[in-house]
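Q: sequence and predicted model, in that order:
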Amino acid sequence: MQMNKLIVVYGTKPQEMVRPALDRLRVKESLSPTARIGIKPNLVVEKPSSSGATTSPELVEAIIVYLQEVGCRDISILESSAIGHSTQRAFKACGYEALAARYGVKLLDLKHDEVQTVRARELDVRVAAKALGFDYFINVPVLKAHCQTQVTCALKNLKGCLPDDEKRRFHRLGLHRPIALLNMVVRSSLVVVDAFCGDLTFEEGGNPVQMNRIFVTYDPVLADAYAAELLGYEPRSIAYIRLAEELGVGSADLTRAEIIELNVGERHLASPPVSPLALELGRWVEERAACSICYGNLLHALARLKENGSLAALPGKIKIGQGFRGEVGSGVGVGSCTAGLKHNLPGCPPRTREVALFLESLTRIRSEKRSKT
């Protein structure tokens with residue numbers, strides 16, 4: 001098993017994306033037909049995946065199809081939705097009730113499960129007992145930002161294995177270290193990240209941006225490090241990622257990871273932004289036939305500039321898209337299609353973290369010029 005390998009697959013059709021990713025990781029070799037398999041999506045609220053809040057049922061369906069073709073039959077989907085929200089309503093609203101009926105898999109509402117106390121270093125953690133009873137645990141989070149921890153992905157998704165009172169205690173304890181410790185006792189066998197529609201700022205959705213990809217790895221820390229970069233953050237600046245690495249859960253070192261991209265030529269034109277924040281950020285973009293992957297990365301980078309207060313210092317609109325190929329002149333462009341512009345960040349697509357750093361450098365240059373005058 002190669003813990004340092006991460007497979008990225010671009011596209012919009014989960015059934016065509018999951019199989020090549022899992023085959024690249026040789027997942028079949030680690031599966032037994034008699035294994036008890038748990039699939040943990042993120043169903044934090046009763047909203048469809050198009051909101052940017054919850055895991056796509058089509059992605060989980062593709063995983064189930066793969067497992068059943070291998071001969072696995074004991075499959076459960078488990079979740080405990082956020083405090084104040086009903087898991088049963090989330091199962092229905094998010095499409096999982098119909099999915100479970102179609103494939104004969106079990107739905108486990110962990111809010112009503114017995115609780116087992118397990119020791120993680122200095123912390124006793126109360127976990128839903130059924131979450132501890134699987135031979136193979138597949139963590140299927142959504143790539144999205146979070147109002148308290150900046151990023152939520154694989155590591156934080158396991159908070160949905162806790163009873164509500166324990167979730168409250170995690171918040172009182174500061175979230176980050178408890179999340180890292182939780183991943184020592186509830187172990188992810190495989191991580192499949194839904195990055196089709198990531199939310200810009202909030203774990204309950206509302207500002208989704210199409211990113212049209214999934215990524216798969218055995219290492220939840222590596223998954224979250226890659227997720228952090230996609231959202232424009234330095235991975236170890238997210239405390240729970242750094243702490244999980246220090247506790248030996250996995251590695252956040254992307255420079256030593258083997259990152260394999262599949263379907264790189266799978267490009268879909270960006271859809272016009274519709275959410276309030278995406279519309280606001282879109283005013284800083286001059287887009288001509290941009291791919292959704294590149295455009296999504298740019299919007300997430302602009303969201304990070306808005307957070308740190310440097311958005312207004314941009315020198316003007318950021319150009320992006322195939323319509324700028326061959327154009328030479330002044331201006332700022334992101335991606336290889338804008339290579340002829342005076343200020344350009346190459347890449348197809350450039351990573352969000354790279355875009356954010358590039359744009360921040362331009363805001364500093366502009367501020368320095370202003371101060372000299």
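A: Perfect, I can see it now. Numbering: from 1, shown residues only.

Q: what about whichever strand or helix holds residue 60, average pLDDT?
A: Applying DSSP states H and E as the criterion places residue 60 in helix 57-70. The average pLDDT within helix 57-70 is 98.

Q: following it, which helix or strand comes up?
A: Counting by DSSP H and E, the next helix or strand C-terminal to helix 57-70 is strand 75-79.

Q: pairing partners for that following strand, with directions?
A: Its sheet considered, strand 75-79 pairs with strand 37-41 (parallel), strand 106-109 (parallel) by DSSP bridges.

Q: rewinding a little: for the helix holding residue 60, buried residues please.
A: Neighbour counts over helix 57-70 (16 or more other Cβ atoms under 10 Å) mark 57, 58, 59, 60, 61, 62, 63, 64, 66, 67 as buried. Heads up, the C-betas are built off the backbone N, CA and C, glycines and all.

Q: ok, these vs residue 249, which is closest?
A: residue 63 (22.1 Å; Cβ to Cβ).

Q: quick one: contacts for the closest one?
A: By Cβ atoms under 8 Å, 6 or more residues apart in numbering, the residues touching residue 63 are 18, 39, 138, 140, 192.

Q: mind running it again at 10 Å?
A: 14, 18-19, 22, 27, 37, 39, 41, 75, 77, 138, 140, 190, 192, 216 (Cβ atoms under 10 Å, 6 or more residues apart in numbering).

Q: might one say that residue 170 is in contact with residue 160?
A: No: with contact defined as Cβ atoms under 10 Å, residue 170 does not count as touching residue 160 (11.5 Å).

Q: those two: who's more crowded?
A: More neighbours surround residue 160 than the other of residue 170 and residue 160, with 24 against 20 (other Cβ atoms under 10 Å).

Q: circling back to that earlier point, distance to residue 9 added to the buried residues of helix 57-70, as CSV?
A: Listed next are the buried residues of helix 57-70 as CSV, based on distance: Cβ to Cβ, whole Å:
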residue, distance to residue 9
57, 18
58, 14
59, 11
60, 15
61, 16
62, 11
63, 13
64, 17
66, 13
67, 18
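
Q: endpoints of stretch 81-92, how far apart?
A: End-to-end distance for stretch 81-92, by Cα to Cα, to the nearest Å: 12 Å.

Q: what residues does that stretch touch?
A: 41-47, 53-54, 57, 77-80, 93-94, 96-100, 107-112, 159-160, 163-165, 167-168, 171, 203-204.

Q: and for stretch 318-329?
A: Counting by Cβ under 10 Å, 6+ apart, 267, 269-270, 281, 284-291, 294-295, 297-299, 301-302, 331-345, 349, 355, 358-359, 362 sit against stretch 318-329.

Q: and the helices in the stretch 51-200 of the chain?
A: Secondary structure of the stretch 51-200 of the chain (DSSP state H, counting those that start in this stretch): helices located at 57-70, 87-93, 96-103, 154-157, 164-172, 176-185.

Q: now the weakest link among these, please, by mean pLDDT.
A: Here the lowest mean pLDDT among the helices of the stretch 51-200 of the chain goes to helix 164-172, at a mean of 93.

Q: re earlier: specify which member of the buried residues of helix 57-70 is nearest to residue 306.
A: So of the buried residues of helix 57-70, ranked by how close each gets to residue 306 (Cβ to Cβ), first place is residue 59, at 29.0 Å.

Q: excluding its backbone neighbours, what's nearest that closest one?
A: residue 14 (4.5 Å; Cβ to Cβ, 6 or more residues apart in numbering).

Q: let me see the mean pLDDT of stretch 247-259.
A: When pLDDT is averaged along stretch 247-259, the result is 97.

Q: before we move on, back to that, mind checking which of the contacts of stretch 318-329 are in strands?
A: Among the contacts of stretch 318-329, the residues falling in strands (DSSP state E) are 285, 286, 287, 331, 332, 333, 334, 341, 342, 343, 344, 345.

Q: how many residues are close by the fourth one?
A: The number of residues packed near residue 331 is 18, by other Cβ under 10 Å.

Q: next: the one 3 residues further on.
A: Other residues near residue 334 number 30, with proximity taken as other Cβ under 10 Å.

Q: and the residue nearest the centre of this protein?
A: residue 143 (1.7 Å; Cα atoms, centre = their mean).

Q: correct me, but that residue touches residue 156?
A: No: Residue 143 is beyond contact range of residue 156, at 11.5 Å (criterion: Cβ under 10 Å).
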